[in-house]
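Enquirer: Give the three-dimensional model of this entry:
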Amino acid sequence: MLLKTAIAFGVAAVLAQTVAPAGDAKNGKKLFAADGCYQCHGYEAQGAAPTGPRLGPKPVAYAQFQKYVRQPTGQMPPYTVRSIPDKDLADIYAFLQSLPAPPAAESIPALK
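Expert: Take a look at the predicted model:
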């Protein structure tokens, strides 16, 4: 019984780390600009080599995203819960998830 409980708890913990909280993509887009994320990552989270990596349209798992925003290992400053509350971070993540994938190179006439 104890083993089943431990396994169930472990599965629940893994799922909690991989499932992003519900967020408002429209508000996330506003926050992405208001909090200055666009300055390094671009307005559409497309990134640029000298300033910041691409964040969308397929962002990393939410747990990784949250951990890096709170405790970055690169040049990005940390954003605490006081500066970007968890709800706002979930909204920003929802915005990143909402970004459409770019068109395939073959579909762009100038690249043929």
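Enquirer: worst-scoring helix or strand of the protein, pLDDT-wise?
Expert: The helix or strand of the chain with the lowest confidence, counting by mean pLDDT, DSSP states H and E, is helix 2-18 at a mean of 50.
Enquirer: and after it, which helix or strand comes next?
Expert: Remark: after helix 2-18, the chain's next helix or strand is helix 25-34, criterion DSSP states H and E.
Enquirer: Contacts for that following helix next, please.
Expert: With CB atoms under 8 Å, 6 or more residues apart in numbering as the contact definition, helix 25-34 has outside contacts at 37-38, 43, 45, 84, 88, 90-98. The C-beta positions use only the backbone N, C-alpha and C, and glycine is treated the same way.
Enquirer: give me that answer again for 7 Å
Expert: Residues from elsewhere that reach helix 25-34 (CB atoms under 7 Å, 6 or more residues apart in numbering): Tyr38, Tyr43, Asp88, Asp91, Ile92, Tyr93, Ala94, Phe95, Ser98.
Enquirer: which two from the residues you listed end up farthest apart in space?
Expert: Greatest spatial distance among the contacts of helix 25-34 (CB to CB): Tyr43 and Asp88, at 17.5 Å.
Enquirer: So between those two, which is more surrounded?
Expert: Ranked by neighbour count (other CB atoms under 10 Å), Tyr43 and Asp88 place Asp88 first, with 21 against 11.
Enquirer: Compute the distance between that one and Asn27, please.
Expert: If you measure Asp88 against Asn27 using CB to CB, to the nearest Å, the figure is 8 Å.
Enquirer: Please report phi then psi for the residue positioned nearest the centre of the chain.
Expert: Centroid check for the chain by CA atoms, centre = their mean gives Tyr93 as the closest residue, at 4.1 Å. Its backbone dihedrals place Tyr93 at phi -60, psi -40, with angles given as degrees, to the nearest 10.
Enquirer: Perfect, that will be all.
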